[in-house]
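> everything below, folded, please.
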Amino acid sequence: MAHDRVHAALSVSIGALMATGALAQDNGPIILDEVIVEGERSGRPLDETPASIAVVTGDEADRPSNTNLVDALSTIPNVYADPSNFRLPTIRGIEPTAGAVGGGAITAGAQARVNVVVDGVTRPQLTSGAVTSAFGLWDTEQIEVARGPQSTLGGRNSLAGNVRIQTADPVYFFEAAARGVAFDQDGTFGGAGMLNVPLVADQVALRLTAEVTDGESFIDYTNPAISNISEDYETNDFERYRSKILITPAAIPELELSFLAEVNKTQGPVDSIVDTGTFENSSDGSDLVVFFDNRQTVLSPELSYALSDSVELEARYAYVDNENEVPEGISEVTGFPFKQSLVTHSTEVLIRAVDVGFLNRGVVGVTFDNSDDDIDGAFTGFGAFSADGEIENYGIYAEMDFALSDQLALIVGGRLEIQTESRLFQFGTASGELDNNETVFIPKLGLRYDLTENVTLGYQYSEGFRAGGLDFDFLDPANGFAEFESETLRQHEVYARTSFLEERLTFNASAFFYQLDDAQTPGASGAGAGDGFSLRGNIPEVRGFGLELDGGFDFGNGFSIAAGLGLLDTEIEDAGPVVPQFEGDEAPLAPNVTASLGIQYVSDNGFNAFATVKHVGSFTDSLGGAEVPSFTTVDLGVGYEFEFDDNRSFRIDAFVNNVADERVVTGSFSGQELVGRPRTFGISGTIRF
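Residues are numbered from 1 along each chain as shown. All right, here's what the predicted structure looks like:
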């Protein structure tokens, strides 16, 4: 929304394109107009981006079969979206969160390696990231997944990549929509609505959306000790309410103002854990499955001012309040009372320019964010714990795309980041304190060569950074506290993007190599390695290299096909003196293969159908942990849309996820297994007017 004037200067329209790199999201390619990559911050079209970016268009993202963000990302090469929990996706073999539920995710201040940005606002992660990963996709305009370090433009917590979600903005005409959906997953029902109203003709518009899902987990908890709360324990609910206001005053045509207000709520078990060897998806709950009640409130005004036809000023402030707790009734049974509050204030001011001299496009910006979190909890038999932390982060960044010739462009960028963190953590009589100051410069360099009108080649060097932190071993408090150092990712990437036959045929490829120095890893301290929850330390050097291929073909008769392949090889080249036994092992949560194939048919009379096959290769679930076997799932769907006139339509969809009822095991520990959803049937109806 804030970039419209710069986009107009480029004569580039935002439209639907094949989910480049994302392999169709249950679909084949739909080739219309050029896609603008918002994460590039300068209005850069997708075919000019120097990063490996997958784009999921709005029509694909908010399919009823995509129950959450994890589902929508599940076909992107070298992106592992774990179907057994609500954690963020692993990108190119780099585990995304600050640690497992509890442990480092609490003591380390909830910093992640993957930055999730919704409508321009970074969504801080709580202990599990459940609010963000459970994010519903109704009324979504576009999802971008940038693979590889994005710290230059993305800032803090973008070491492994970025996930950016852009929801639909207000428009200056009336429109409305509603959807109802039902799943056979223990009677799960959902509803969504959208209302867009122009309040002042061509000057003020309001857009309201709501989305609610009410149901239960597919896990049946059989332990008599929790039978009196089993109904609450199996609850799996999601709510989201959003309002957007757009103001473009006629008296100041260069000015655009917008305001976002949003509330997200999730409630349910974070992981889908069953007893090992049980094929009825049941658990006695002896591992005390973590259950959270999350609430996230977002308030964000934004100003955009066109200084000229080619230069634009943008300023945004965001307030994000995260509340996270284990409900009282459940905590009494599980012996794990827990409450966490994380409040973030962030401000960003930037100037972007397009076609100024030999500058193709560029952006310069400054940022400041402050976050405070407070934690209170207890483990029965171990004692109470509490944490109080504050992080202040300042950033100055720039990225410029210079035309060296008609075909060759040089991309130069960098970010100076200053972070101050203080933290006090207490567990019983033990306490740990962190006082950490980091100043780092993060460079970026790239070349792009337009070999022909339809073939673009490029190279990019980029870096990512994550500050150090403090950890505590909840599973074995005798291990005490450990302070771990900051980590740095350095990556080289070459890429090619092609399109032929009037863009009906597309093919893209990326090859990359990275080195992760001082990798922050649970178990690297030598305490409890293999369970994924234990005290973290630094692995001196982890390297990875891989290949990503994707392409699609529109046959022109209603049929289209898209396919993608991600190959990945990771290795701990230097495990250090504390855990030398892991030298030569692969990195945790790094599948060696991710692949998908999507076929779609769309007829002129409103009928459509799709089939998608997704494959995830084997990987280890933690440092020194068990190997997770590969798995393959198949999704099917059909739909029919009735168009009454230009403004009214009704659509009905039916789908089956995991058609073969594949038992998807994503990890194991202590006689329990993490599992993905079994075969799930669903039906939905959507009306638009």
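> beta partners of the nearest residue to residue 181 once chain neighbours are set aside?
Nearest residue to residue 181, sequence neighbours excluded (CB to CB, 6 or more residues apart in numbering): residue 684, at 3.8 Å. All C-beta spots, glycine's among them, are computed from the backbone N, C-alpha and C. Under DSSP bridges, the beta-bridge partners of residue 684 are residue 181, residue 653.
> for residue 322, same thing?
Beta-bridge pairing for residue 322 (DSSP bridges): residue 296, residue 342.
> look at it and say how many residues are nearby.
A count of nearby residues for residue 322, using other CB atoms under 10 Å, gives 24.
> hmm, it is touching residue 296, no?
Yes. Here residue 322 lies in contact with residue 296, judged by CB atoms under 8 Å, at a distance of 5.1 Å.
> for the residue nearest to residue 181, what are its contacts?
The contact partners of residue 684, taken as CB atoms under 8 Å, 6 or more residues apart in numbering, are 64, 179-182, 652-653.
> assign the spatially closest residue to residue 173 that is not a sequence neighbour to helix, strand or coil.
In this structure, residue 173 finds its nearest non-sequential neighbour in residue 198, 6.2 Å apart by CB to CB, 6+ apart. At residue 198 the chain is in strand, as set by DSSP: H, G, I helix; E, B strand; the rest coil.
> partner residues bridging the residue positioned nearest the centre of the chain?
In the chain, the residue lying closest to the centroid (CA atoms, centre = their mean) is residue 163, at 4.1 Å. According to DSSP bridges, the residues that bridge with residue 163 are residue 116, residue 145.
> count the residues that sit near residue 153.
Residue 153: 25 surrounding residues under other CB under 10 Å.
> surely it is within a strand?
No. Counting by three-state DSSP, residue 153 falls outside a strand, being helix.
> what's the pLDDT at it?
On the pLDDT scale, residue 153 is placed at 86.
> test my guess that it contacts residue 363.
Yes. Here residue 153 reaches residue 363: they are 7.4 Å apart, a contact under CB under 8 Å.
> need the nearest residue in space to residue 345, chain neighbours excluded.
Leaving aside its sequence neighbours, residue 345 sits nearest to residue 370 (CB to CB, 6+ apart; 5.0 Å).
> tell me which strands the host helix or strand of that neighbour pairs with, and in which orientation.
Taking DSSP states H and E as the criterion, residue 370 maps to strand 359-379. Strand pairing for strand 359-379, using DSSP bridges, gives strand 338-356 (antiparallel), strand 383-403 (antiparallel).
> how about the helices in this structure?
4-10, 58-61, 69-72, 104-107, 130-133, 151-154, 230-233, 328-334 (DSSP state H).
> and these, which one's lowest on average pLDDT?
Least confidently modelled of the helices of the chain is helix 4-10, at a mean of 35 by mean pLDDT.
> burial measure for the closest residue to residue 62 other than its chain neighbours, as a count.
Leaving out its chain neighbours, the residue that sits closest to residue 62 by CB to CB, 6+ apart is residue 137, at 4.4 Å. Close neighbours of residue 137, defined as other CB under 10 Å, add up to 24.
> strands along the stretch 1-150 of the chain, start to end?
In the stretch 1-150 of the chain, the strands defined using DSSP state E, counting those that start in this stretch lie at 36-37, 44-45, 52-57, 79-80, 90-91, 114-118, 121-122, 140-147.
> does residue 385 really touch residue 340, like I thought?
No. Applying CB under 8 Å as the test, residue 385 and residue 340 come out as separate, 11.3 Å apart.
> just to revisit the earlier point, identify whichever of the strands paired with strand 359-379 lies nearest to residue 269.
The closest of the strands paired with strand 359-379 to residue 269 is strand 338-356. By CB to CB, the value is 13.8 Å.
> now the closest one: mean pLDDT?
Averaged over strand 338-356, pLDDT sits at 93.
> check contacts around residue 510.
Per CB under 8 Å, 6+ apart, neighbours of residue 510: 52, 147, 493-496, 547-548.
> from residue 657, how far off is it?
28 Å (CB to CB, to the nearest Å).
> got it, and residue 395?
Distance from residue 395 to residue 657, counting by CB to CB: 40 Å.
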